[in-house]
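Participant: The sequence and its predicted three-dimensional model are supplied below.
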There are 2 protein chains.
Amino acid sequence: MPKKISATESITAGAPVRERLLDTADRLFYREGVRAVGIDRVLAEAGAAKASLYAHFGSKDDLVAAHVERRAAAARGQIEAWQLKVPPAERALRFFDWVVEWTRTEGYRGCPLQHIVAEVCDPQHPARTIVAAQRAWMQGKFLEWSKAARVADPRAVAGALYVLFDGAVVASEHDGVRRAREARWAAERLLAG
Amino acid sequence: MPKKISATESITAGAPVRERLLDTADRLFYREGVRAVGIDRVLAEAGAAKASLYAHFGSKDDLVAAHVERRAAAARGQIEAWQLKVPPAERALRFFDWVVEWTRTEGYRGCPLQHIVAEVCDPQHPARTIVAAQRAWMQGKFLEWSKAARVADPRAVAGALYVLFDGAVVASEHDGVRRAREARWAAERLLAG
DNA sequence: TCCGAAATAGACAGACCTGTCTGTTTTGAT
DNA sequence: ATCAAAACAGACAGGTCTGTCTATTTCGGA
């Protein structure tokens, strides 16, 4: 008799258990928050045993960190790939097209990295160090793009663009895509002047 | 023998119990998050009995909502008062001075209203409706100030300023006041052009 | 076919959570 | 001084949480 496959675990059923756990945790943690989702929910929806989770990840905190690292790495990968299709001088502005697309995606609920900082107040938490690293990486990108855009003050513009980006991400969570578009409009004016 | 006063409850000890509870909840919820703080913590630090909490607030969710409403009302009050000291045409820009001051305050940890949306995924939660109302109010303010600043496109500028505001608030939580200052710099350029 | 590694199932401990309920003490107004 | 409302103290129920542990099953390679 074939192994039973429940509706909730159908997406990654059959995959190695570590992948199944991370896929499920990633989805639930983003959708409902890392504190609201317990281990048992993840195990049930992943169709995995508790011992497997602790063998692969060690603790819930480390599972949360793995989820954050996966999201961060995915974002870096997408941004790097997207970059290649855009001339360097246009990247600072057209990055906001990428943001608009992101905030338009089904089930968009804001930035998981921002959420972690809201949910986990301990700055020593493994997930928080990943967030800090990602922010440093993003800061570097904004500076690189601002320089390539040949603006008068690349450092100031890079900082302003980062604020616009953070704002677009969180404001779109509340008010919808219009905020991401407004951020793009603002970015255009900052880069033009 | 005088009533014992513990160190943690010293700030509002002696005040009516409802006020004591709300003060304590407000402080703990903001500092550690509404899910991380249980009512037993609130009761212990407020020096109150459980029955008092449920008599005055009905449930933890309603206590959370009261905390959010208090923060929202305090922000409205501060902004209305600050407004009076600034000529209408300068309000859009100089609002960001207010933001800089806020993000400089001791123990600043971002916007409690943004945190609520990250922590509570149910849009029907009483606290979420308060957040939505506050955002509508802020949107009105930005539009009013943008019109008074006599910019070419007040609606677009108002939207951009709101994104900058959200961004300043969340980015300063991660990276410190510099982000709020960068937001002010960007606002100045948006309002000048 | 057999063996070992990996995964599963699930009981269990110990802590914490919200909310209810009972009984006692305090307090303030008459 | 008396009485009623309010607050306190704390047990209790019923649930959830993370993490550990034991025992069983699955499965691929030699």
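Facilitator: It's in.

Participant: interface residues of chain A facing DNA strand C?
Facilitator: Residues of chain A lying close to DNA strand C (C-beta under 7 Å from any atom of the strand) are A:16-18, A:47-52, A:55-56. C-beta here means a position set from N, CA and C on the backbone, and glycine is covered the same way.

Participant: Check those against residue B:62 and report the nearest one.
Facilitator: residue A:50 (35.0 Å; C-beta to C-beta).

Participant: Can you get me a residue count around the closest residue to the closest one other than its chain neighbours?
Facilitator: Closest residue in space to residue A:50, ignoring its immediate chain neighbours: residue A:43 at 5.8 Å, by C-beta to C-beta, 6 or more residues apart in numbering or on different chains. Using other C-beta atoms under 10 Å in any protein chain shown, residue A:43 has 18 neighbouring residues.

Participant: surely residue A:43 meets residue A:51?
Facilitator: No - with contact defined as C-beta atoms under 8 Å, residue A:43 does not reach residue A:51; the gap is 9.9 Å.

Participant: now the residue nearest the centre of chain A, nearest residue through space, not along the chain?
Facilitator: The centre of chain A sits closest to residue A:71, judged by C-alpha atoms, centre = their mean, with a distance of 4.5 Å. Once flanking residues are discounted, residue A:71 sits nearest to residue A:112: 4.8 Å by C-beta to C-beta, 6+ apart.

Participant: same thing with residue A:116?
Facilitator: According to C-beta to C-beta, 6+ apart, the nearest residue to residue A:116 is residue A:127 (5.1 Å).

Participant: Mind listing what's buried along the helix or strand hosting that neighbour?
Facilitator: Using DSSP states H and E, residue A:127 sits in helix A:126-148. For helix A:126-148, the neighbour count (16 or more other C-beta atoms under 10 Å in any protein chain shown) marks A:126-128, A:130-131, A:134-135, A:138, A:141-147 as buried.

Participant: From the rest of the structure, what touches it?
Facilitator: For helix A:126-148, the external contacting residues (C-beta atoms under 8 Å, 6 or more residues apart in numbering or on different chains) are A:34, A:61-62, A:64-65, A:67-69, A:72, A:75-76, A:79, A:88-89, A:91-92, A:95, A:113, A:116-117, A:120, A:122, A:154-155, A:157-159, A:161-162, A:165, A:191, B:174-175.

Participant: The helix or strand that that helix is followed by and chain B in contact?
Facilitator: Heading C-terminal from helix A:126-148, the first helix or strand you meet, by DSSP H and E, is helix A:154-175. Yes - against chain B, helix A:154-175 shows contacts by C-beta under 8 Å from any C-beta of the partner chain at A:156, A:159-160, A:162-168, A:170-171, A:173-175.

Participant: re the thing from before, any idea of the mean pLDDT for the helix holding residue A:127?
Facilitator: Averaged across helix A:126-148, the pLDDT comes to 98.

Participant: got the CA coordinates for that helix in CSV?
Facilitator: Extracted C-alpha coordinates of helix A:126-148, given in CSV (Å, rounded to 0.1, in the frame of the first residue of the first chain):
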residue,chain,number,x,y,z
PRO,A,126,21.0,33.1,15.8
ALA,A,127,18.3,34.5,13.4
ARG,A,128,19.1,38.1,14.3
THR,A,129,22.8,37.8,13.3
ILE,A,130,21.6,36.5,9.9
VAL,A,131,19.4,39.6,9.5
ALA,A,132,22.3,41.9,10.4
ALA,A,133,24.5,40.3,7.8
GLN,A,134,21.8,40.6,5.2
ARG,A,135,21.3,44.3,5.9
ALA,A,136,25.0,44.9,5.5
TRP,A,137,24.9,43.1,2.2
MET,A,138,22.0,45.2,1.0
GLN,A,139,23.7,48.4,2.2
GLY,A,140,26.6,47.5,-0.1
LYS,A,141,24.3,46.9,-3.0
PHE,A,142,22.6,50.3,-2.6
LEU,A,143,26.0,52.0,-2.4
GLU,A,144,27.2,50.2,-5.5
TRP,A,145,24.1,51.1,-7.5
SER,A,146,24.1,54.7,-6.4
LYS,A,147,27.7,55.1,-7.5
ALA,A,148,26.9,53.5,-10.8
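
Participant: For the residues of chain A next to DNA strand C, which PyMOL command selects only the ones that are buried?
Facilitator: To isolate the buried members of the residues of chain A next to DNA strand C in PyMOL, using 16+ other C-beta under 10 Å:
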select buried, chain A and resi 17+18+47+48+52+56
